[in-house]
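Asker: only geometry, no sequence info:
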C-alpha cells in the first residue's frame, strides 16, 4: 500500500504545470512559446483598439452634433481643426478641402457648363470616398491578427498535443509498461498545449467579433454623413 501512495505522490509532483512545461520536448516548448507570443500580441491589440475605437466613436458623435448645430461650413471647418481627429471629422475635412478647391477654380473661370458642374460633384464624392477608405483602413489595422489567433491558436495547440501524445506512446514502448506514472506526465504535457491554445484563441475571437461590429457601426456613420454632406453641397453650391 505504501509504495502505491509514494508512487502516486511522485506522479502528482511530476504533474506540476511549470515542471511539465520545463520538462517538455523542444517541439512542445516551441509551440507553447508561439502561443504565448500570439496571446501577448492579441492582448496588446485588444487594449489599443479598445481605446482607439472608443475615442473614435465619442469624437465622431461630438463632431456630428456640432455639424448639425452649426449652419456654416467654414465654422465647422474651424471646429474640426480645433478638435481631436475623428473618422467622421476627417471625412468632412476631405470633402470641404475639395469643395474649397472647386469653388476657387470656379471663381477664376469665366463660365461653367452643366457637365463641369456634374464633374465637380463627382470630385467631392471621390474625396469623401478616399477619406472614408483611409479611416476604415486605420480602424481595421492589426485587427486581422485577432482573427488569425482565433482561428490558428487551437490548431497550433492541437499540434503540440499530438506531438506530446506521440512522445508518451514512445515512452510506453521504451519502458514496456503502461501504468499511470508512465502515461500521465506525457498526456498532461500534451494537454497543456491545447489549454494554452484555447486561452489565446477565446479572448481573440470575442474581441475580433466586438471590434468588427464597432467598425461596421462607424463605417455606416461615415457613409451616412458622406451622403448628407454631398446633398448639402448640391443644394448650396451646385
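Answerer: Happy to help now that I have it. Computed from a predicted structure; not experimentally measured.
Asker: which stretches of the chain form strands?
Answerer: Along the chain, no segments are classed as strands by DSSP state E.
Asker: can you tell me which helix in it is longest?
Answerer: Secondary structure of the chain per DSSP state H: the longest helix is helix 180-237.
Asker: Need the residue closest to the centroid of this protein.
Answerer: The residue lying closest to the centre of the chain (CA atoms, centre = their mean) is residue 143, at 1.9 Å.
Asker: my guess is that one meets residue 208, correct?
Answerer: Yes - with contacts counted by CB atoms under 8 Å, residue 143 reaches residue 208, the gap being 6.7 Å. Placement of C-beta: from N, CA and C, glycine included.
Asker: how far out from the middle of the chain is the longest helix of the chain?
Answerer: 5 Å (CA atoms, centre = their mean, to the nearest Å).
Asker: elements contacting it?
Answerer: Applying 3 or more CB pairs under 8 Å, 6 or more residues apart in numbering; DSSP states H and E, one finds that helix 180-237 contacts helix 2-14, helix 17-22, helix 26-69, helix 87-108, helix 114-140, helix 143-175.
Asker: mind listing what's buried in the fourth one?
Answerer: Okay, so that is helix 87-108. 87-96, 98-99, 102 (16 or more other CB atoms under 10 Å).
Asker: Touching it from outside, list them.
Answerer: 56, 59-60, 63-64, 67, 73, 76-77, 80, 83, 112, 120, 123-124, 126-128, 130-132, 134-135, 139, 218, 221-222, 225-226, 229-230, 233, 237 (CB atoms under 8 Å, 6 or more residues apart in numbering).
Asker: Report the separation between the closest residue to residue 59 other than its chain neighbours and residue 67.
Answerer: Of all residues not flanking residue 59 in the chain, residue 86 sits nearest, at 3.5 Å (CB to CB, 6 or more residues apart in numbering). Residue 86 sits 11 Å away from residue 67, taking CB to CB, to the nearest Å as the criterion.
Asker: between the two, which one's more packed in?
Answerer: residue 86 (24 against 21; other CB atoms under 10 Å).
Asker: Can you name the residues that contact the more buried one?
Answerer: Taking CB under 8 Å, 6+ apart as the test, what residue 86 contacts is 55, 56, 59, 60, 62, 63.
Asker: ok, back up a step: now the longest helix of the chain against helix 87-108, angle please.
Answerer: Using axes from the mean of the first three to the mean of the last three CA atoms, to 10 degrees, the inter-axis angle of helix 180-237 relative to helix 87-108 is 30 degrees.
Asker: Now the phi/psi pair for residue 86, please.
Answerer: As for residue 86, its main-chain torsions (degrees, to the nearest 10) stand at phi -140, psi 160.
Asker: what's the spacing between it and residue 80?
Answerer: 9 Å.
Asker: who touches both of the two?
Answerer: Here residue 86 and residue 80 have residue 63 as joint contacts, going by CB under 8 Å, 6+ apart.
Asker: For burial, what's the neighbour tally of the closest residue to residue 57 other than its chain neighbours?
Answerer: Distance criterion CB to CB, 6+ apart; nearest residue to residue 57, sequence neighbours excluded, is residue 218 at 6.4 Å. Residue 218 has 21 neighbours, counted by other CB under 10 Å.
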